[in-house]
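Undergrad: pasted the sequence and its predicted model underneath.
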Amino acid sequence: MKLTIVGCSGSYPGPESAASCYLLEAEHDGRTWRVLLDLGNGALGQLHRYADPLTIDAVLLSHLHADHCLDLCGYYVMRKYHPTGPQPQIPVWGPAGTAERMARAYDLPLDPGMTEEFAFHDWAGEDAVEVGPFRIEPREVVHPVAAFSLKVTVGGRTLVYSGDTGPCPALDEHAVDADLLLAEASFRDADDNPPDLHMTGSDCGRTASKAGVGRLVLTHVPPWHDEADAEAEARTQWDGPLELARAGATYEI
């Protein structure tokens, strides 16, 4: 599968990138299948650079903070009012209450909300879901709201996306033997960080080492931090392939 970084800025869109959004593409049954991991604020506009947004097959939301889900509002407008006509309903996977959260975000009545454009499904209780060639396994991680890391497998190759989380055994276990770990590095070791919220670069490197991943890509660094600090911290715990996520970067997995 191919990973394209659509947006990787932490907490809000930054000067170089939209908030969290990652495009996965894979060939299957004679066509290209496309799913999005998160659709944070600012990401929908940037998505046009890499794919026609109307060709997305599913949206997979790690959690319901604005920097990971809010551009679903714009996507709802696009799919409902596009000049070629209303678009087919596509699935959106997320934590329980996603349909209601998104309806409130756009000030819609809860019924129908966005349910005519999107078929909403909950991660809770799901061992795995399949969209075309993609097998997606959610794992609940630690964050102030319900949040999930997502393991995506195609043809025996695996990407694990941390979503937003503090360091936790659930992520360590979920990432075991992943070909690529896309891990958030929002905090710095030198700061007085609250627990169970985000990871530092060192936490990401430690998770990659424990899990024995093939490659570590750091993402979700807030604009108020120097991303070089996250990279340097990760290097103290991880000596394998390491990169900082950049908008527009692509990876073949």
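TA: On my side now, so go ahead.

Undergrad: which pLDDT value belongs to Leu37?
TA: pLDDT for Leu37: 99.

Undergrad: where do the helices sit along this structure?
TA: 43-47, 66-69, 72-81, 98-105, 169-174, 201-211, 227-235 (DSSP state H).

Undergrad: Gly10: which of those is closest?
TA: helix 66-69 (7.2 Å; CB to CB). Heads up, the C-betas are built off the backbone N, CA and C, glycines and all.

Undergrad: so what touches that closest one?
TA: Applying CB atoms under 8 Å, 6 or more residues apart in numbering, the external contacts of helix 66-69 come out as 9-13, 19-20, 38-41, 61-63, 94, 98, 101-102, 105, 163-164.

Undergrad: burial of the closest residue to Ser162 other than its chain neighbours, as a residue count?
TA: With CB to CB, 6 or more residues apart in numbering as the criterion, Ser162 has its nearest non-adjacent residue at 4.5 Å, and that residue is Ala183. For Ala183, the count of nearby residues is 31 (other CB atoms under 10 Å).

Undergrad: need the contact list for Ala183.
TA: 162, 199, 204, 207-208, 216-219.

Undergrad: and the residues you listed, which are buried?
TA: Buried members of the contacts of Ala183, counted by 16 or more other CB atoms under 10 Å: 162, 199, 204, 207-208, 216-219.

Undergrad: mind putting these in JSON lines, distance to Gln87 included?
TA: Conversion of the buried ones among the contacts of Ala183 to JSON lines gives the following (distance: CB to CB, whole Å):
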{"residue": "Ser162", "distance to Gln87": "30"}
{"residue": "Met199", "distance to Gln87": "36"}
{"residue": "Cys204", "distance to Gln87": "37"}
{"residue": "Thr207", "distance to Gln87": "38"}
{"residue": "Ala208", "distance to Gln87": "38"}
{"residue": "Leu216", "distance to Gln87": "36"}
{"residue": "Val217", "distance to Gln87": "31"}
{"residue": "Leu218", "distance to Gln87": "34"}
{"residue": "Thr219", "distance to Gln87": "29"}
